[in-house]
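1. Let's see this in three dimensions:
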Amino acid sequence: MNKQDVYIKLSEKMVLYADLVGVPVKDSQEPLVKIATSEALSSREIDPDTLTVFDKDIYVRKTVADLLQRASSELRNYSKDMSLEVVYGHRPLAIQKSLFDKYFALYSKKYQGIELYEAVHRSIAVPEIAGHPAGAAVDIRILKSGKPINMGTGIWEFVPDSYTFSPFISRQAWANRRLLRDTMKQVGFAPYDGEWWHFSYGDKEWAKYYNKPNALYEQLEQ
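-> Numbers count the residues shown, from 1 in each chain. As a prediction, the model looks like this:
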């Protein structure tokens, strides 16, 4: 089996647009809150578009913020010189729609109907099911002594080797991805294995992953 075949097999195991579109939402009305930072948890917004809205602060739903604190404590118990760094959280719905429209126009030259939505969703989540506009998703990595540890690819490096279980990365990078994944799952986050850095709580992807009756957070306009 060649590399491309392996990537295809991995992608076939990932959640699809069709899996998520029918998941109901009962919004908890939780507010967005700024992530509180500490020695164990830091935040650094890396998206220029979101920086224009929230400056350098990163916002998520309150329970998501609380769970991040718990995850950082768990990681600190594992290693005192490790910490979590959140680089992305809530994304205004207008930005999500703009990104989606860009890819929709691109892929509409090749796909139609549900295949079109599935193709776009692999690049940018369809707005009505996306976790970032719901304040439910974070992009996150581990720091050791203040520096990012080896994850095989960079954060937001959108290549097949960023699939969590790509076998074409080093053994150390594989172990580091498992550490991050296990830490986040331990406190209730759902992983998205198409991007080793992406985790969510309370969105449709989380509800599907843990077989919940509904998602907890609706997409927010701001």
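
2. mind listing the helices in the protein by residue range?
-> Under the criterion DSSP state H, the chain contains helices at 3-12, 17-20, 48-54, 62-78, 93-107, 113-123, 171-186, 204-209.

3. which residues are in contact with the last one?
-> Right, the one you point to is helix 204-209. With contacts defined as CB atoms under 8 Å, 6 or more residues apart in numbering, helix 204-209 is touched by 15, 19-20, 23, 25, 129, 131, 136-137, 189-192, 200, 212-216. (C-beta placed from N, C-alpha, C; glycine too.)

4. ok, now the fourth one?
-> Residues external to helix 62-78 that are found in contact with it (CB under 8 Å, 6+ apart): 28, 30-36, 38, 40-41, 60, 82-84, 86, 89, 135-136, 138, 140, 142, 179, 183-184, 186-189, 201-202, 216.

5. gap between the two ends of stretch 127-134?
-> 10 Å (CA to CA, to the nearest Å).

6. ok so, going back, least confident of the helices of the chain, on average?
-> Within the helices of the chain, the stretch with the lowest mean pLDDT is helix 48-54, showing a mean of 65.

7. so who does residue 120 touch?
-> Contact analysis of residue 120 by CB under 8 Å, 6+ apart lists 100, 103, 104, 107, 126.

8. so residue 104 touches residue 116, yeah?
-> Yes. Using CB atoms under 8 Å, residue 104 is in contact with residue 116, at 7.3 Å.

9. which residue packs closest to the most centrally placed residue in the chain, ignoring adjacent ones?
-> The centroid of the chain falls nearest to residue 198 when counting by CA atoms, centre = their mean (2.3 Å). For residue 198, ignoring the flanking residues on the chain, the nearest one in space by CB to CB, 6 or more residues apart in numbering is residue 192 at 4.3 Å.
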